[in-house]
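Engineer: How does the following fold in three dimensions:
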Amino acid sequence: MKIALIGQSAFGKAVLEALAAREEHQIAGVFAAPDRSRSREPLAVAAEGMGLPLRQFKRMRDQECVDVFRSLGADLCVMAYVTDIVPNEIIEAPSRGTIQYHPSLLPLHRGPSSINWAIIDGDTETGLSIFWPDEGLDTGPILLQKRVEIGPNDSVGSLYFNHLFPMGVDAILESVDLVAAGDAPKIVQDESAATYEGWCGADDAHVDWSKDANTIHNLIRGCDPQPGAWSMLNGEKVAFFGSTIASSEDESAAPGTIIGLSDEGMVVACDAGAVQVRRARIGRGRKSRANEVGLSVGDRFS
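Structural biologist: This next block holds a predicted model:
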């Protein structure tokens with residue numbers, strides 16, 4: 001098949017490399033996100049290195065982008081980590097359709113921060129979906145899904161890079177094979193089970209220490225590495241990374257109080273229980289071990 005790829009970042013690059021290694025298919029064109037002000041887009045760099053046709057449009061909805069895409073005559077479009085809005089004129093252009101990767105078990109956790117919210121909500125299982133996008137947001141029929149356990153101390157980073165990233169690349173290759181063979185299913189999503197969450201941003205990441213330790217632990221790891229769960233201390237923002245549930249020997253401490261500080265991290269009291277945080281960042285400083293950023297036992301976060 002002639003395949004057009006739309007994507008960005010390390011995941012898009014990995015998918016391109018995996019598809020290019022399949023000699024039975026031709027990469028007709030690559031549509032990468034624009035370069036950042038200080039760095040090149042990894043997918044764009046990879047496409048250039050392979051000598052593949054590359055375009056980087058600011059908006060996939062621009063008519064010029066639509067026209068260029070249509071001119072490729074692609075049999076299949078693969079969307080690998082896409083944050084821009086891709087219009088139906090592109091989605092419907094390939095003769096065999098368009099498939100897209102999403103890091104959740106659709107229809108659960110539709111939206112741009114699906115890994116964050118699965119952890120924040122305390123889910124013990126998630127996965128990925130390869131689906132056929134339509135006019136809705138993550139609403140199209142399912143082609144295939146893969147499941148993975150969320151460990152008790154998994155963060156967004158560990159869950160994505162250790163599981164959902166490599167599994168996703170393999171799942172896209174498997175899906176491409178199914179499309180090529182004419183065996184790719186289209187399973188309609190169950191709308192009665194659907195959930196949607198928007199971007200997990202700084203406002204969502206503020207830690208309320210009056211909640212129980214498990215809720216706070218889920219929030220910290222569900223915002224690690226981005227956007228970073230945080231609280232205020234002495235007028236400065238302190239962000240937390242690397243959380244575990246801790247035993248609390250000082251049940252009288254007010255929620256948000258540091259009750260322990262060692263090479264293992266800092267222990268902070270919650271309304272019920274305590275959490276241990278391995279790394280912290282104060283203001284715009286560096287992310288460092290929690291006992292090396294100038295915090296002290298007795299400090300209280302708000």
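Engineer: Could you say which helix or strand holds the closest residue to Ser288 other than its chain neighbours?
Structural biologist: Take Ser288 and drop its neighbours on the chain: the residue closest to it by Cβ to Cβ, 6 or more residues apart in numbering is Arg279, 6.4 Å away. (Each C-beta comes from the backbone N, C-alpha and C, glycine too.) Per DSSP states H and E: Arg279 is located in strand 274-282.
Engineer: Then Leu295?
Structural biologist: Per DSSP H and E, there is no helix or strand for Leu295.
Engineer: circling back to that earlier point, mind giving me the packing neighbours of the strand holding Arg279?
Structural biologist: Judged by 3 or more Cβ pairs under 8 Å, 6 or more residues apart in numbering; DSSP states H and E, strand 274-282 is in contact with helix 213-222, strand 236-246, strand 265-269, strand 288-289.
Engineer: winner for burial among these?
Structural biologist: The highest mean neighbour count among the helices and strands packed on strand 274-282, using mean count of other Cβ atoms under 10 Å, belongs to strand 265-269: a mean of 26.
Engineer: what about the strands in the stretch 1-150 of the chain?
Structural biologist: 2-7, 26-32, 54-55, 76-80, 98-102, 125-131, 142-149 (DSSP state E, counting those that start in this stretch).
Engineer: For Cys223, find the nearest of these.
Structural biologist: Closest approach to Cys223 among the strands of the stretch 1-150 of the chain (Cβ to Cβ): strand 125-131, 15.9 Å.
Engineer: CA atoms only for that closest one, dumped as PDB, please.
Structural biologist: Taking Å, rounded to 0.1, in the frame of the first residue of the first chain, the C-alpha atoms of strand 125-131 are listed here in PDB:
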ATOM      1  CA  GLU A 125      -5.800  -1.100  33.900                       C
ATOM      2  CA  THR A 126      -5.600   0.900  30.700                       C
ATOM      3  CA  GLY A 127      -4.400   0.200  27.200                       C
ATOM      4  CA  LEU A 128      -4.400   1.500  23.600                       C
ATOM      5  CA  SER A 129      -6.800   1.600  20.800                       C
ATOM      6  CA  ILE A 130      -6.200   1.700  17.000                       C
ATOM      7  CA  PHE A 131      -9.400   3.200  15.600                       C
END
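Engineer: For it, buried residues please.
Structural biologist: Thr126, Gly127, Leu128, Ser129, Ile130, Phe131 (16 or more other Cβ atoms under 10 Å).
Engineer: Against which helices or strands is it packed?
Structural biologist: Checked by 3+ Cβ pairs under 8 Å, 6+ apart, strand 125-131 has strand 98-102, helix 114-120, strand 142-149, helix 165-181 packed alongside it.
Engineer: Can you say which of the ones you listed is nearest to Ala202?
Structural biologist: helix 114-120 (12.3 Å).
Engineer: before we move on, the earlier item: need the buried residues of strand 125-131 in a markdown table with pLDDT, can you?
Structural biologist: Below are these laid out as a markdown table (pLDDT from 0 to 100):
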| residue | pLDDT |
| --- | --- |
| Thr126 | 98 |
| Gly127 | 98 |
| Leu128 | 98 |
| Ser129 | 98 |
| Ile130 | 98 |
| Phe131 | 98 |
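Engineer: a markdown table please, covering those residues and showing distance to His102.
Structural biologist: Formatted as a markdown table, the buried residues of strand 125-131 follow (distance: Cβ to Cβ, whole Å):
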| residue | distance to His102 |
| --- | --- |
| Thr126 | 11 |
| Gly127 | 10 |
| Leu128 | 7 |
| Ser129 | 5 |
| Ile130 | 8 |
| Phe131 | 6 |
